[in-house]
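J.: Here's my sequence, what's the structure:
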Amino acid sequence: MNITKFNKIFFITLFLSSVCGSSRAQTTDIDLQRLPWDIFAESMVFDGKSSTYIYNSIQFSQGTISIKSDEGRAILDQNNSGIWNFSGNVNINVNNGRINCDFAELIFDGNALTKATITGMPATFLLQRDGAEDATQAEAEKLFYDVQNGTIEFSVNASIMEGNNEISSEYFIYNINERRINADSMGVNDNPVRIIYTPNNNFIEEELPIESEDKGK
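T.: Next up is the predicted model:
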């Protein structure tokens, strides 16, 4: 890896080593294929031309997952595989976590969620771990959750904070299994990865410099 790339990518396992630890244990013990969907809505319309179910003021739940939004649209096959789109005041609750966003696209294989793309201005994520005094908060304009790989990507004006500690970056990916964050400035407006870390109430603020790609050429 060259020096420029090294400076642009920062691997960190500071205060977030246990952010999703409890969620991992809770979600991996659940066989979502066996859990039914519960759907409540003010109205439902089926559009035969596009094979789309359209729900107004929908409440969707499956096990510990619940979703509320102004509208929900689903294109599904006979095995419930397909895509759900939720839009307008979307609220997602999973275990001890909560996401608020403008739009969410969920991809299902059978009854099991495999991927989710979440957008907002910004989309916000809140996790209250059992026994923890401070909640973990994150926000970004886009989140992408890959269930199989156990990763959550935050992009565009992304930040994550726990207590007085914070990481801000144009992009970072959280690996749930490895409990690791990979943050990258993506070279946007030369904004560096920013870390605010407060050990023992002593305030420390760091900014990682980004070397020019043209330097030394």
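J.: switch to C-alpha atoms for all contacts and neighbour counts from now on
T.: Fine.
J.: so where's the protein shaky on pLDDT?
T.: 1-34, 129-132, 185-191, 199-217 (pLDDT under 70).
J.: Which stretches in it count as strands?
T.: Ranges of strands within the chain are 9-12, 38-40, 43-47, 52-62, 65-76, 82-94, 97-109, 112-127, 136-146, 151-162, 165-175, 180-184, 194-197, 204-207, based on DSSP state E.
J.: JSON lines please, covering the ones you listed and showing mean neighbour count.
T.: What follows is the strands of the chain, written out as JSON lines (neighbours: other Cα atoms under 10 Å):
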{"stretch": "strand 9-12", "mean neighbour count": "15"}
{"stretch": "strand 38-40", "mean neighbour count": "13"}
{"stretch": "strand 43-47", "mean neighbour count": "13"}
{"stretch": "strand 52-62", "mean neighbour count": "19"}
{"stretch": "strand 65-76", "mean neighbour count": "20"}
{"stretch": "strand 82-94", "mean neighbour count": "19"}
{"stretch": "strand 97-109", "mean neighbour count": "20"}
{"stretch": "strand 112-127", "mean neighbour count": "19"}
{"stretch": "strand 136-146", "mean neighbour count": "21"}
{"stretch": "strand 151-162", "mean neighbour count": "21"}
{"stretch": "strand 165-175", "mean neighbour count": "21"}
{"stretch": "strand 180-184", "mean neighbour count": "22"}
{"stretch": "strand 194-197", "mean neighbour count": "19"}
{"stretch": "strand 204-207", "mean neighbour count": "12"}
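J.: pretty sure residue 110 contacts residue 79?
T.: Yes - between residue 110 and residue 79 there is a contact at 5.3 Å, judged by Cα atoms under 8 Å.
J.: out of those two, which sits in the busier spot?
T.: Higher neighbour count among residue 110 and residue 79: residue 110, with 17 against 10, using other Cα atoms under 10 Å.
J.: out of everything not next to it in sequence, what's closest to that one?
T.: The shortest distance from residue 110 to any non-neighbouring residue, by Cα to Cα, 6 or more residues apart in numbering, is to residue 81 (4.4 Å).
J.: Relative to residue 164, how far out is residue 92?
T.: Distance, residue 92 to residue 164, by Cα to Cα, to the nearest Å: 25 Å.
J.: again, but for residue 109
T.: Using Cα to Cα, which is the criterion applied here, residue 109 is 39 Å from residue 164.
J.: Could you verify my assumption that residue 142 touches residue 116?
T.: No - between residue 142 and residue 116 there is no contact under Cα under 8 Å: 10.5 Å.
J.: give the contact list for the residue sitting nearest the centre point of the chain.
T.: In the chain, the C-alpha nearest the mean C-alpha coordinate belongs to residue 143, at 4.3 Å (Cα atoms, centre = their mean). Residue 143 makes contact with 117, 118, 119, 123, 152, 153, 154, 155, according to Cα atoms under 8 Å, 6 or more residues apart in numbering.
J.: Residue 94 too?
T.: Taking Cα under 8 Å, 6+ apart, one finds 64, 65, 66 in contact with residue 94.
J.: before we move on, what about residue 84?
T.: 72, 73, 74, 75, 105, 106, 107, 108.
J.: I'd like the distance between it and residue 68.
T.: 12 Å.
J.: can you check residue 110 too?
T.: 21 Å.
J.: for stretch 108-128, the distance to its chain's centre please.
T.: Counting by Cα atoms, centre = their mean, to the nearest Å, stretch 108-128 is centred 6 Å from the centre of its parent chain.
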